[in-house]
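K.L.:
Test case, fold it:
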Amino acid sequence: MSEQRLPFWKWIDIPPVWLLGFALLAWAQGRWWPLGLSLANPVTDLLAGVLIGGGILLMLLAFSEFRKQRTTVVPHRTPSRLIQSGIFSRTRNPIYLGDALVLAGLVLRLDAVASLVLVVLFVWVIERRFIIPEENRLRRTFHADFARYERKVRRWV
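P.N.:
Numbers count the residues shown, from 1 in each chain. Predicted coordinates for the structure are as follows:
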């Protein structure tokens with residue numbers, strides 16, 4: 001099968017779908033099973049906004065670099081270039097980090113305190129499902145360049 005044609009399940013097996021699923025779980029927990037826990041106050045709302053806004057900003061910065069480098073942003077494809085500029089000089093995974101920040105902000109905004117554990121679970125799933133396979137493709141494609149990049153820039157922050 002050509003790399004240009006991905007199976008349908010690979011098109012829905014993408015981080016935004018996982019993020020949506022985890023956000024829906026947090027919403028359900030906050031709405032139907034609050035467990036008497038609450039962090040609702042103006043400071044928490046501000047923190048939620050900062051996390052969501054910061055996550056979106058990280059994603060936009062990353063998408064901008066993908067566009068400049070003219071390479072794929074699709075997780076199941078092999079990129080044509082190893083991006084090391086812009087936000088990628090600070091974190092190897094700014095989009096995934098942004099996703100995690102957005103989820104943490106949504107959990108706080110929804111006052112779904114028990115769902116804070118979902119942020120950790122989300123990071124674990126994203127790392128196992130996407131980051132490790134992506135890094136393996138980058139290693140095979142860019143060899144020493146990726147090895148140097150990996151030593152220089154951390155996976156998350």
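
K.L.:
buried stuff in the longest helix along the chain?
P.N.:
If each helix of the chain is counted by residues according to DSSP state H, the longest one is helix 42-69. For helix 42-69, burial by neighbour count (16 or more other C-beta atoms under 10 Å) applies to 47-48, 51-52, 54-55, 58-59, 61-62, 65-66, 69. In short, each C-beta sits where N, CA and C put it, glycine included.

K.L.:
so where is the protein shaky, pLDDT-wise?
P.N.:
Of all residues in the chain, those with pLDDT under 70 make up the ranges 1-11.

K.L.:
Let me see the contact set for the spatially most central residue of it.
P.N.:
The structure's the chain has its C-alpha centroid closest to Y96; by C-alpha atoms, centre = their mean the separation is 1.7 Å. With C-beta atoms under 8 Å, 6 or more residues apart in numbering as the criterion, the residues that contact Y96 are 15, 123, 126-127, 130-131.

K.L.:
One more: P79?
P.N.:
P79 neighbours (C-beta under 8 Å, 6+ apart): 71-72, 138, 141.

K.L.:
and it, helix, strand or coil?
P.N.:
coil (DSSP: H, G, I helix; E, B strand; the rest coil).

K.L.:
Next, give phi and psi for it.
P.N.:
Backbone torsions of P79, given as degrees, to the nearest 10, read phi -70, psi 150.

K.L.:
From V153, how far off is it?
P.N.:
According to C-beta to C-beta, to the nearest Å, P79 stands 16 Å off from V153.

K.L.:
again with A62
P.N.:
Between A62 and V153 the computed distance is 13 Å (C-beta to C-beta).

K.L.:
need the helices for this protein, in chain order.
P.N.:
Chain-ordered helices for the chain, with DSSP H as the definition, fall at 8-12, 15-32, 42-69, 94-109, 116-126, 132-152.

K.L.:
Give me whichever of those helices is most buried.
P.N.:
helix 94-109 (a mean of 24; mean count of other C-beta atoms under 10 Å).

K.L.:
quick revisit: pipe the contacts of Y96 into CSV and attach distance to T91 per row.
P.N.:
Output for the contacts of Y96, formatted as CSV (distance: C-beta to C-beta, whole Å):
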residue, distance to T91
P15, 15
V123, 13
I126, 13
E127, 13
F130, 14
I131, 11
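
K.L.:
Out of these, which comes closest to R90?
P.N.:
Closest approach between the contacts of Y96 and R90, by C-beta to C-beta: I131, at 15.9 Å.
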